[in-house]
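1. build the 3D model from these lines:
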Amino acid sequence: MSYGMATALQAAVYQHLLADTEVSNLVGSAIYDAVPAGTLPQTYVTLGAEEVREASDSTGTGALHRFTISVMSEAAGFATAKTLAAAITDALVSPSIPPLSRGRLVGLWFEKAVANRTGSTGQTRRIDLKFRARVEDN
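-> Have a look, this model is predicted:
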């Protein structure tokens, strides 16, 4: 098993989301690994937690990555957040994820979503999208 493909997978996911027309129409370039200081846009996306497990087989080393992408929105209601969450899911489960800089993406699947109200007044909508990706090292 190797954790060596984690950065390559994250970079490919990030670049794919930035390049996706529907996602960029909804959120622009407000997709963050680390949320910047200062005023944030009303709606943005964060790349979140990741869990990686061994997935090597007789053909070589590999890993199963489970990761979270969060949609954060202060727009009224859940419609804006849900529309963006759907666009992200559609973009990532498509077969057009760019090649990784290390290793190979075998597959990427949507697992689940959890939608909540957060913040002190409950005005922020948060949708955590959970994905699973199988990668092989080269």
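2. CA only for contacts and neighbour counts going forward, please
-> Noted.
3. where do the helices sit along the protein?
-> Assigned by DSSP state H, the helices in the chain fall at 6-19, 21-27, 79-92.
4. need the longest strand for this protein.
-> strand 104-118 (DSSP state E).
5. that one versus helix 6-19: what angle between them?
-> 70 degrees (axes from the mean of the first three to the mean of the last three C-alpha atoms, to 10 degrees).
6. pLDDT (mean, whole number) over strand 104-118?
-> Per-residue pLDDT over strand 104-118 has a mean of 95.
7. same question for stretch 42-58.
-> On average, stretch 42-58 scores 92.
8. ok, residues contacting that stretch?
-> The contact list for stretch 42-58 (C-alpha atoms under 8 Å, 6 or more residues apart in numbering) reads 1-3, 27, 30-35, 61-75, 81, 134, 136.
9. list buried residues within these.
-> Among the contacts of stretch 42-58, the ones that count as buried by 16 or more other C-alpha atoms under 10 Å are 1-2, 27, 30-31, 61-74, 81, 134, 136.
10. and stretch 88-107, which residues are buried?
-> Neighbour count says stretch 88-107 has 88-89, 91-92, 97, 100, 102-105 buried, by 16+ other C-alpha under 10 Å.
11. let me know the outermost residue of the protein.
-> Distance from the centre of the chain peaks at Ser58, with 29.3 Å (C-alpha atoms, centre = their mean).
12. can you redo the helices of the chain as a markdown table with mean pLDDT?
-> Output for the helices of the chain, formatted as a markdown table (pLDDT from 0 to 100):
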| stretch | mean pLDDT |
| --- | --- |
| helix 6-19 | 95 |
| helix 21-27 | 97 |
| helix 79-92 | 97 |
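13. contacts only, for the most centrally placed residue in the chain.
-> Residue closest to the average C-alpha location in the chain (C-alpha atoms, centre = their mean): Ile69, at 3.7 Å. Listed by C-alpha under 8 Å, 6+ apart, the contact partners of Ile69 are 45-49, 128-130.
14. how much space between it and Asp57?
-> Here Ile69 is placed at a distance of 28 Å from Asp57 (C-alpha to C-alpha, to the nearest Å).
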